[in-house]
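K.L.:
no FASTA, just this:
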């Protein structure tokens, strides 16, 4: 690696993610957030009128709503220092990998994105800083009527009305301060539409890369899966490490039609100066299902609680997650499920690992509405602390308004036992290898849910995180 | 036969209790040694000390293996040098399958990647030899295994990892007759295939039936107070440890065992 690609901060070797390119972007808005900036973004993107107004309304809300006080501190985040919009040095979106500019291409090549596409994906989108630089979907998939494109293109094309009908309806800008921020400055992201009855057996993938220093990423993901359809969507996120704080306030809205299934997998490895304030929500129809699979390794502070709204009779939600908090990380994660209809069910299964002083907080909220007769919910969370200086908290909340619901919560907090480490060492494993194997085993319920390459990546991440954990 | 393991004046304690009070023991390559003794004599402690269990603090003496002093070596290094301890109560490890664990250990030992197909073939053949259902390969290590299956899993690891010295710590305890038979068949197989040395810690003799024993040592109160050949095993089998235990308090200076005890002090 050449000098300019090296990290500025001494840390464990995560060089796979830490390389970066100097941002020589031709266009950057000035730091801080004003009406002028929002209008500038809107003009640059050629927003329709309604979208421009939506942005301004969101900005107003952003200025009115206060910063959340109930979670990890975000004092390190100075909004006046966040460059909200950075467009990479490339014209519009490309559909041929060859046309993507070299440094961006090298970035994604190193992360294995086009390679992954060649191997096992139906389509790939790649976002670099604020803009989508590459989108491609296989012909046979497109022929089935599946749409996978960047959201800006969709705003002007034949799906414009569909976007307008759904955009930030599930996560309104009134939701919280960072949803309002997102509404004001959102840029890039994906639009996926799977028509009635189409079952996509191979996954679609989207990869987000935040390269510029002190920037924010505000991509919007809007997925509509119609009745009886099936989709597996994978998103991966990473960023190199800088000394200044970066911000990710994305928004994911998932609409799942009756009897349809959407599996939404995320492997997130933001750099450890990232404030990850992401909002994800799914609206689930009759006998339909949302399956969340989530692996969170990166970021300095995370507030992440994918939410399922079970609106149709028999709707189901499954949440499988693993969170790994190392030194200097305060990860507040969990999930929320709202049971709004009879016979709905939710199943939550999470693992969190903390080491070297990392803090994990698991929050879950289960709401069983008055009409949700026969609803079932089971929440299970397990935490593993690798040493004595790390921390793990569990904060479950249940709001049950219906007499015939079945709700359960189970929490376990443990440490790696010396006896187990000794037993593995007696077969020739080093202390580090033994602990990494134990942690990988602990996270196994998530890695086995992932496609093979991602499971391998996650195992590599765990090994990487466990390196040097032996004091 | 060349000297494989040499223990000189080994003393060890756990917390504040002295358990080993000066052990001397030499095991040659390929030899079979048996350590017998009553409960609480320090037999298991000896095995744990050799493998470097951090719960025991060595307060004196040396352990030499293949000419290298391993008294204070870390457990993984000792294991990699070729010592294997079959545990009395193997730990349950959720999330790691038996097959994955053995493969990881084997790859670390040889420093080479092992082809999945070859590994599976040899693992399953060995499991069959031990009368283990091959489905155990994909179950989490020892989790929910019966006592007998746990011991078989230890012998399976022994046969797969092929160490130069195997220490069996009460591998036969708590097993029914059939299980003891299978375990001793596995140990015999290890002798046959690997030709390694064995240090068998036991207070019964059932596991020894099919093996040629080179030496027997009697361990009482943290000291080896008598040596013998296979005949000593039979004697203990008939008479128990009575005469060794009572020596400690008897005043008969003519007693040979008592003399040894006094010398040791």
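P.N.:
Cool, got the structure. Predicted model, so just to flag it, every value in this text is computed and none were measured.
K.L.:
Please make it C-alpha for all contacts and neighbour counts, starting now.
P.N.:
Will do.
K.L.:
Quick check: residues of chain B near chain A?
P.N.:
B:51, B:53, B:75-80, B:84-85, B:90-96, B:105, B:108-109 (Cα under 8 Å from any Cα of the partner chain).
K.L.:
Just the ones in helices from those residues, please.
P.N.:
With helices taken from DSSP state H, the overlap with those comprises B:51, B:75, B:76, B:77, B:78, B:79, B:80, B:105, B:108, B:109.
K.L.:
List the contacts of whichever strand or helix holds residue A:441.
P.N.:
Element membership for residue A:441, per DSSP states H and E: helix A:431-442. If you take Cα atoms under 8 Å, 6 or more residues apart in numbering or on different chains as the criterion, helix A:431-442 is touched by A:351, A:353, A:416, A:421-422, A:424-425, A:459, A:462-463, A:466-470, B:76, B:93-96.
K.L.:
Give me the angle between the helix or strand containing residue A:459 and helix A:431-442.
P.N.:
Element membership for residue A:459 (DSSP H and E) is helix A:452-466. Interaxial angle, helix A:452-466 versus helix A:431-442 (axes from the mean of the first three to the mean of the last three Cα atoms, to 10 degrees): 140 degrees.
K.L.:
on contacts alone, who are the packing partners of helix A:452-466?
P.N.:
Helices and strands touching helix A:452-466, by 3 or more Cα pairs under 8 Å, 6 or more residues apart in numbering or on different chains; DSSP states H and E, are helix A:431-442, helix A:444-447.
K.L.:
again, only this time at 10 Å
P.N.:
On a contact count with 3 or more Cα pairs under 10 Å, 6 or more residues apart in numbering or on different chains; DSSP states H and E, helix A:452-466 meets helix A:113-120, strand A:261-269, strand A:289-296, strand A:316-325, helix A:431-442, helix A:444-447.
K.L.:
tell me the pLDDT at the closest residue to chain B within the stretch 351-471 of chain A?
P.N.:
Residue of the stretch 351-471 of chain A nearest chain B, by Cα to the nearest Cα: residue A:441 (3.7 Å). Here the pLDDT value assigned to residue A:441 is 87.
K.L.:
number of nearby residues for it?
P.N.:
19 (other Cα atoms under 10 Å in any protein chain shown).
K.L.:
same deal with residue A:169?
P.N.:
Quick note: residue A:169 (other Cα under 10 Å) scores 10 neighbours.
K.L.:
mind listing what's buried in the lengthiest helix in chain B?
P.N.:
Assignment by DSSP H gives helix B:177-194 as the longest helix of chain B. Judged by neighbour count (16 or more other Cα atoms under 10 Å in any protein chain shown), helix B:177-194 contains these buried residues: B:179-191, B:194.
K.L.:
Redo these as JSON lines? Include distance to residue A:396 and pLDDT.
P.N.:
Formatted as JSON lines, the buried residues of helix B:177-194 follow (distance: Cα to Cα, whole Å; pLDDT from 0 to 100):
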{"residue": "B:179", "distance to residue A:396": "47", "pLDDT": "85"}
{"residue": "B:180", "distance to residue A:396": "49", "pLDDT": "87"}
{"residue": "B:181", "distance to residue A:396": "52", "pLDDT": "87"}
{"residue": "B:182", "distance to residue A:396": "50", "pLDDT": "87"}
{"residue": "B:183", "distance to residue A:396": "48", "pLDDT": "87"}
{"residue": "B:184", "distance to residue A:396": "52", "pLDDT": "87"}
{"residue": "B:185", "distance to residue A:396": "53", "pLDDT": "90"}
{"residue": "B:186", "distance to residue A:396": "50", "pLDDT": "92"}
{"residue": "B:187", "distance to residue A:396": "52", "pLDDT": "92"}
{"residue": "B:188", "distance to residue A:396": "55", "pLDDT": "92"}
{"residue": "B:189", "distance to residue A:396": "54", "pLDDT": "93"}
{"residue": "B:190", "distance to residue A:396": "53", "pLDDT": "95"}
{"residue": "B:191", "distance to residue A:396": "56", "pLDDT": "93"}
{"residue": "B:194", "distance to residue A:396": "55", "pLDDT": "93"}
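K.L.:
Closest to residue B:39 out of those residues?
P.N.:
When these are ranked by distance to residue B:39 (Cα to Cα), residue B:180 comes first, at 19.8 Å.
K.L.:
Show me which helix or strand of chain B is least confident by mean pLDDT.
P.N.:
Least confident helix or strand, chain B: helix B:256-264 with a mean of 59, by mean pLDDT, DSSP states H and E.
K.L.:
ok, of the contacts of helix A:431-442, which come out buried?
P.N.:
Among the contacts of helix A:431-442, those buried by neighbour count (16+ other Cα under 10 Å) are A:351, A:353, A:421-422, A:424-425, A:459, A:462-463, A:466, A:469, B:76, B:93-96.
K.L.:
can you give me the helices for chain A?
P.N.:
Taking DSSP H, the helices of chain A run over residues A:15-18, A:35-45, A:49-64, A:102-110, A:113-120, A:139-143, A:151-156, A:160-166, A:177-185, A:418-425, A:431-442, A:444-447, A:452-466.
K.L.:
quick one, which of these is nearest to residue A:75?
P.N.:
Across the helices of chain A, residue A:75 has its closest neighbour in helix A:177-185 (14.2 Å, Cα to Cα).
K.L.:
Tell me the helices and strands packed up against that closest one.
P.N.:
In terms of contacts (3+ Cα pairs under 10 Å, 6+ apart), helix A:177-185 is packed against helix A:35-45, helix A:49-64, strand A:216-217, strand A:251-256, strand A:274-284.
K.L.:
now it against strand A:274-284, angle please.
P.N.:
Orientation check (the same axes, to 10 degrees): helix A:177-185 against strand A:274-284 gives 90 degrees.
K.L.:
can you list the residues of chain A near chain B?
P.N.:
Proximity of chain A to chain B (Cα under 10 Å from any Cα of the partner chain) is limited to residues A:418-431, A:433-434, A:437-445.
K.L.:
picking that back up, helix A:418-425 and the helix holding residue A:441, what's the angle between them?
P.N.:
Following the same axes, to 10 degrees, one obtains 110 degrees for the angle between helix A:431-442 and helix A:418-425.
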